[in-house]
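*Asks:* fold the following.
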Amino acid sequence: MLDITLLRTEPDIIRRAMEVKGIGSPSLVDEVIEIDQAWRAAQTQLEEAQRELNSASKEIGRLFGTGQKEEAQAMIKRSGELKQTVSDLGDSAGALSTKRDRLMLELPNIPHESVPIGASPADNVVAFEWGEKRTLAFEAKPHWELIDQHGLVSFEQGAKVTGAGFPFYLGAGAKLQRALINYFLDQAGERGYMEVQPPIVVNADSATATGQLPDKEDMMYEVVRDGLYLIPTAEVPVTNYLRAEILDHEQLPIQYAAYSPCFRREAGSYGKDVRGLNRLHQFDKVELVMYVHPSDSYAAIERLREDAERLIQALGLAYRRLSMCTADMGFTQSKKYDLEVWSPGQERWLEVSSVSNFEAFQARRADIRFRPDGGGRPEFVHTLNGSGL
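*Replies:* Predicted structure coming up:
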């Protein structure tokens, strides 16, 4: 969520963010401003009515004390009218506040000045490449042929048991999954991340805090009976671990690493990009999450990116780093990198990690704050996350 002060003082920044991200209509900004102005007017009237009511209550006591009973009775009647006015204005202000805050959730985060402006994924910038694309002395097979040949994964049995996009990993395929998960977690531990094992379902408040709701309902699996959601990434439960808490500045930065299965409906996905393991409804991922001081977040995103890149380099895979343009960055991010490895079998780049800085966007929604050094009002932390891997 954005700071309401930004909406009131520099709404054009928000309109521009919506334009370059291609998210929503800038007219929404005008609607939120109008509701906020109505709320502020109702709040002013409410405060004035409350002051008059408090004054009337004191005056009633004074009038009775001086024997002015008729005047006191008139003031009692006026006090009753004021109580009703206060109640009505409170209801009106509350409804406006609720509507404004709900619409504020639909305003995207502001891109950092270093983010390239672009209209499509074609405008992402290749910022770095490492390693050489493997050349083979024979025609490379895509992974979906290799896993059938060696019995590593069964899509058919998964489709029978659950549905398409929920594979079984078998034998060496299952061992490889387990080995990679352990390796990624162990490497994160060596880099100072505390390992956590999170729940794989969350409530609506958690999904709202990290920005999955109300933006990505169609991408999430919902447990309707219990009002819960299967997580699309461990980012959701781990970021919410400190929801509604106030930290001491000495605790920052805080770094967590979490393995979880991830569940995504992938509504609208089709074609060659979903073949084999390319795009599943359930997949495994180790997630890295950071809470940092606001002054440190852009240094932190580079540290986080390096931690993810170290893993790719250790595996000896040729990869490239994309600086994501505004149109391909997402609703919640202020800056984002994608890391892609080269697949000889498919002869294309495949994403294995996204590394993002959200600044205070998630923390404001989740109410995660810290006490500054030297005192003062608590401030919102900045949150970051990345796939590792």
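
*Asks:* shaky segments in this protein?
*Replies:* The model of the chain has pLDDT under 70 over residues 267-272.

*Asks:* biggest helix in it, by residue count?
*Replies:* Counting by DSSP state H, the longest helix found in the chain is helix 27-65.

*Asks:* and that one, what's buried?
*Replies:* By 16 or more other Cβ atoms under 10 Å, the buried positions in helix 27-65 come out as 28-29, 32, 35-36, 38-39, 42-43, 45-46, 49-50, 53, 56, 59-60, 63. For glycine as for every other residue, the C-beta is placed from the backbone atoms N, C-alpha and C.

*Asks:* can you pull up the bridge partners for the nearest residue to Glu222 once chain neighbours are set aside?
*Replies:* In space, and not counting its chain neighbours, Glu222 is closest to Tyr229: 5.5 Å by Cβ to Cβ, 6 or more residues apart in numbering. Tyr229 forms beta bridges with Val202, Glu222, as assigned by DSSP bridges.

*Asks:* i'd like the first residue to be 30 from this point on
*Replies:* I'll keep to 30 as the first residue from here, and by that count the last item is Tyr258.

*Asks:* right, and Tyr258 touches Asp247 too?
*Replies:* No: counting by Cβ atoms under 8 Å, Tyr258 does not reach Asp247; the two are 12.0 Å apart.

*Asks:* ok, the two, which is more surrounded?
*Replies:* Neighbour totals were compared for Tyr258 and Asp247, and Tyr258 leads with 23 against 9 (other Cβ atoms under 10 Å).

*Asks:* residues in contact with Ser108?
*Replies:* Shown in contact with Ser108 (Cβ atoms under 8 Å, 6 or more residues apart in numbering): 82, 85-86, 89.

*Asks:* do you know how far it is from Arg80?
*Replies:* In this view, Ser108 and Arg80 are 13 Å apart by Cβ to Cβ, to the nearest Å.

*Asks:* for Phe195, grab the count of nearby residues.
*Replies:* Other residues lying near Phe195 total 17 when counted by other Cβ under 10 Å.

*Asks:* apart from its chain neighbours, what residue comes closest to it?
*Replies:* The spatially closest residue to Phe195, leaving aside those adjacent along the chain, is Gly187, at 4.5 Å (Cβ to Cβ, 6+ apart).

*Asks:* buried ones in the helix or strand that contains that neighbour?
*Replies:* Counting by DSSP states H and E, the element that carries Gly187 is helix 184-190. Within helix 184-190, the residues scored as buried using 16+ other Cβ under 10 Å are 184, 187.

*Asks:* immediately after it, which helix or strand?
*Replies:* strand 197-198.

*Asks:* got a list of contacts for that next one?
*Replies:* Strand 197-198 has contacts (Cβ under 8 Å, 6+ apart) with 181-183, 186-187, 190, 205-206.

*Asks:* by how many degrees do the helix or strand hosting Ile42 and helix 56-94 diverge?
*Replies:* If you go by DSSP H and E, Ile42 is part of helix 40-50. Helix 40-50 and helix 56-94 are oriented at 150 degrees to each other (axes from the mean of the first three to the mean of the last three Cα atoms, to 10 degrees).

*Asks:* check which helices and strands helix 40-50 is in contact with.
*Replies:* Secondary-structure packing of helix 40-50 (3 or more Cβ pairs under 8 Å, 6 or more residues apart in numbering; DSSP states H and E): helix 33-38, helix 56-94.

*Asks:* just how off-centre is it within its chain?
*Replies:* Distance, stretch centre to chain centre, for helix 40-50: 19 Å (Cα atoms, centre = their mean, to the nearest Å).

*Asks:* Ser382 contacts Ala337, doesn't it?
*Replies:* Yes: under the criterion of Cβ under 8 Å, Ser382 is in contact with Ala337, at a separation of 4.5 Å.

*Asks:* mutual contacts of these two, please.
*Replies:* By Cβ under 8 Å, 6+ apart, Ser382 and Ala337 have these common neighbours: 368, 415-418.

*Asks:* alright, that wraps it up for me.
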